[in-house]
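**Q** Prediction below, plus the sequence it came from.
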Amino acid sequence: MKGNVLVVDDEQIVLRSCERILSAEGYYVETSLSARNALELLKENVYDLLITDIKMPEMGGLDFIRQVRAKNPDINVIIMTGYPSQENIREALSLRIVDYLPKPLSPVVLVEATKKAVDISKKHAAPDQEDEDYTKEAAAKLDDIIVDYRGRPGSLIPVLQEAQGVVGYLPPVVQRHIARGLNISVSEVHGVVSFYSFFTMKPRGKHNIRICLGTACYVKRAEEIVEKLKEVLKIDIGEVTPDKEFSLESVRCLGACGLAPVVVVGENTHGSIDPVKTGELVDQYR
C-alpha cells in the first residue's frame, strides 16, 4: 500500500469517487460521512493523509481540522470544497493544510495532490538530503535573508520567494533551513510551499512546461496532453530532462478556460492544444 488515507465528506458520491480513484492507485482508503465519526476513526487508526470537505452540516471542516490538529499536529490535511473563498483558504492555510482541491474533483489532480501529501508525510522525519544546489554559499545567503525578515509579520512568504530566487526551487533541505531560522514548524513551511503555485519543490528546466488540469481543460483531453508530453520528454510530472532543457508541471487553473486545453511554456500561453500535435509544441522550443 502506498499510504493510508481518510476522506471526510457529507456526500456519499464524493466519498465513493475518492475511494474508487485512490484505491486504484494503491492507497488504502477509509471514508466518513461526518466529522464527528472521523474524529473517532482518527483515535483508532493512523493515517498518512486526511482529505476533508469544508462545508459540512454537523461540524464544519475548519472546526474539524482544529480539533484534529489539537490531537495530531503532524497529520497532513487536504481540503476540498465547491464553495471556495479567500477567507476560508487563508484560514485553512493558517491550520497548515498542504493542498486545496476545488470541486468537482479532477481524478488527475486528486491523485497528484494525494501522492505529494503522502510523500511529504513519509519523508517528514527523514534527515536532510544532500542537494547540489544547496551549497554553503546558498545556505549563507539564506541565513542573511532570514535575519532580514525574522520577527516581521507575514515573513514566511517573502523569505520563501527570496530563497527560491537563490536556490532556484525549495527542496526539503531548504524548507527545513527556513523553518529553523524562523522558529516555525516544517509542516507550516510545507503547507505554504505546496499551496502556492509559484513555489516549486523541484528544479525547473530552461523551458518549464505547465499543463492546466482544471475542469475545463480536463474535459478537453488535458490528460492526453500530459501523457504525450511525458512520452516525448521521457520525464514525469515534477521532473526535469537530463539536459535541464525542459521541466514538466501540472497546475489547477491558468485562468484561460476559454482557450482550453491550455499549456504554458515559460511565459508563453498556448491554447486549444491538440493532444496529437503536442510533440510539435515541444519542437518549437528545442
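**A** Ah, there it is. These figures come from a predicted structure and were not determined experimentally.
**Q** Can you pull up the most central residue in the protein?
**A** In the chain, the C-alpha nearest the mean C-alpha coordinate belongs to Ser194, at 4.3 Å (C-alpha atoms, centre = their mean).
**Q** SS state for that residue?
**A** Here Ser194 is recorded as helix under DSSP: H, G, I helix; E, B strand; the rest coil.
**Q** Name the nearest residue to it, sequence neighbours excluded.
**A** Val98 (4.9 Å; C-beta to C-beta, 6 or more residues apart in numbering). To be clear about C-beta, it is placed using only N, CA and C from the backbone, and glycine gets the same treatment.
**Q** I figured that neighbour hits Val193, correct?
**A** No. Under the criterion of C-beta atoms under 8 Å, Val98 makes no contact with Val193, lying 9.0 Å away.
**Q** Need the pLDDT of the residue nearest to the centre of the chain.
**A** At Ser194, the model reports a pLDDT of 73.
**Q** And Val7, by the same measure?
**A** pLDDT, Val7: 97.
**Q** where exactly do the helices run in the stretch 1-150 of the chain?
**A** Using DSSP state H, counting those that start in this stretch, the helices of the stretch 1-150 of the chain run over residues 12-24, 35-44, 61-71, 86-94, 107-123, 136-149.
**Q** can you give me how far the longest one is from the chain middle?
**A** When C-alpha coordinates are averaged (C-alpha atoms, centre = their mean, to the nearest Å), helix 107-123 and its chain have centres 7 Å apart.
**Q** quick one: buried residues of that helix?
**A** Buried residues in helix 107-123, defined by neighbour count with 16 or more other C-beta atoms under 10 Å: 107-110, 112-118, 120-121.
**Q** Looking at pLDDT only, which of those residues scores worst?
**A** Ser121 (71).
**Q** Touching, that one and Val5? I think so.
**A** No. The criterion here is C-beta under 8 Å, and Ser121 misses it with Val5 at 10.2 Å.
**Q** between the two, what contacts are shared?
**A** Between them, Ser121 and Val5 share these contacting residues under C-beta atoms under 8 Å, 6 or more residues apart in numbering: 48-49.
**Q** before we move on, the earlier item: just list the residues touching the residue nearest to the centre of the chain, thanks.
**A** Contact analysis of Ser194 by C-beta under 8 Å, 6+ apart lists 98-99, 116-117, 120, 201.
**Q** measure Ile273 to Leu93 for me?
**A** To Leu93, Ile273 is 32 Å away according to C-beta to C-beta, to the nearest Å.
**Q** Comparing the two, which residue is more hemmed in?
**A** More neighbours surround Ile273 than the other of Ile273 and Leu93, with 24 against 17 (other C-beta atoms under 10 Å).
**Q** which SS state does the more buried one fall under?
**A** Put simply, Ile273 is coil when judged by three-state DSSP.
**Q** One more: the one 4 residues further on?
**A** Lys277 falls in the helix class when you classify it by three-state DSSP.
**Q** Distance of it relative to Lys234?
**A** Lys277 sits 19 Å away from Lys234, going by C-beta to C-beta.
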